[in-house]
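Asker: Quick check, what structure comes out for this input:
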Amino acid sequence: MALVGRYNSLQVVKHTDFGLYLDGGADGEILLPNRYIPKDTPSQDEDWLNVFVYLDSEDKLLATTERPKVQVGEFASLKVKEINSIGVFLDWGLPKDLLLPYSEEKRQLSAGDYCVVHVYLDKRTRRITATARLDRYLDKLPATYSVGQEVSLLVAEETDMGFKAIIDNKHWGLIHKNEIFKYMRAGKQEKGYIKELRSDGKIALSLQPIGAQASSSLHATILDKLRANGGTLAVSDKSEPQLISDLFGVSKGNFKKAIGALYKEGRILIHQDRIELV
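Answerer: Residues are numbered from 1 along each chain as shown. Take a look at the predicted model:
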């Protein structure tokens, strides 16, 4: 049986004028239309192709080599393409738009909005469906991350404390306001780091490496920018926090520590309005 809403490696069983038929096991033969057949596909049967399987507008299984923006079981930020009496339709990169039923909305949406959703397979219809009610699809088991571990983040929503983000497609985490030194919005994908694993199960996140790893990374970034700019940068420990954030994505305090350490190592000079490579 083919995995609907996911990538499958399927064997070619038949060539026709309008496409290839692939072996879908218990689902029978699945059509890969000509427009999706890679140019370098061998002409003989029994070859295997990596395809995405979904339901077409007539609810028939169809294969494509196009890459959707999200698979079943994943989270993504998708743009609202159309709203009608059936529900909200999202652009996920395939000809048939992805349905977000009204019952699965968390807030009222308009065409052009972006919405963070989870994609699941409706058990009754096998239709690929989106939901904005994310909690039920996140891992309820205790997280096993370690402090300082690098993780992938999908920023989901803003709160009074900062931004909630989905960690590695599994857990909720929070980026506190004092950890944000660049423009942030729901839907952004970011590289992050585990800052704290609290006893209540909540996870605090950082957008910067933690501890010694942070210092080493920032030192390298400063030196790289200096070299790329001819050995001088118009920023110093007297600069405005926003300028430092724009250039390095870190707080003024962390920047001052970094350039102070580089100065002590004899690698840079610090002036009132600039820093220079020695």
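
Asker: For the rest of this, base every contact and every neighbour count on C-alpha atoms.
Answerer: Will do.

Asker: which one is the residue nearest the centre of the chain nearest to, not counting chain neighbours?
Answerer: The geometric centre of the chain, computed from its C-alpha atoms, lies nearest to residue 189 (C-alpha atoms, centre = their mean), at 4.1 Å. Excluding the flanking residues, the one nearest residue 189 by C-alpha to C-alpha, 6 or more residues apart in numbering is residue 154, at 4.7 Å.

Asker: thought that neighbour was touching residue 166?
Answerer: Yes - between residue 154 and residue 166 there is a contact at 5.1 Å, judged by C-alpha atoms under 8 Å.

Asker: And what about residue 10, helix, strand or coil?
Answerer: strand (DSSP: H, G, I helix; E, B strand; the rest coil).

Asker: circling back to that earlier point, what's the spacing between the residue nearest to the centre of the chain and residue 152?
Answerer: 7 Å (C-alpha to C-alpha, to the nearest Å).

Asker: One more: residue 259?
Answerer: In this view, residue 259 and residue 152 are 28 Å apart by C-alpha to C-alpha.

Asker: Relative to the whole chain's centre, how far out is the helix or strand harbouring residue 79?
Answerer: Taking DSSP states H and E as the criterion, residue 79 maps to strand 75-83. From the chain centre to the centre of strand 75-83 is a distance of 14 Å (C-alpha atoms, centre = their mean, to the nearest Å).

Asker: Show me what that strand is packed up against.
Answerer: Judged by 3 or more C-alpha pairs under 8 Å, 6 or more residues apart in numbering; DSSP states H and E, strand 75-83 is in contact with strand 87-91, strand 114-121.

Asker: between those, which gets nearest to residue 2?
Answerer: Each of the helices and strands packed on strand 75-83 has some distance to residue 2 by C-alpha to C-alpha; the shortest is strand 114-121, at 12.8 Å.

Asker: So what touches the very next helix or strand once past the closest one?
Answerer: Following strand 114-121 in sequence order, the next helix or strand is strand 128-131 (DSSP H and E). Contacts with strand 128-131, where a contact means C-alpha atoms under 8 Å, 6 or more residues apart in numbering, come from 4-5, 54-55, 72, 98-101, 104-105, 117-122.
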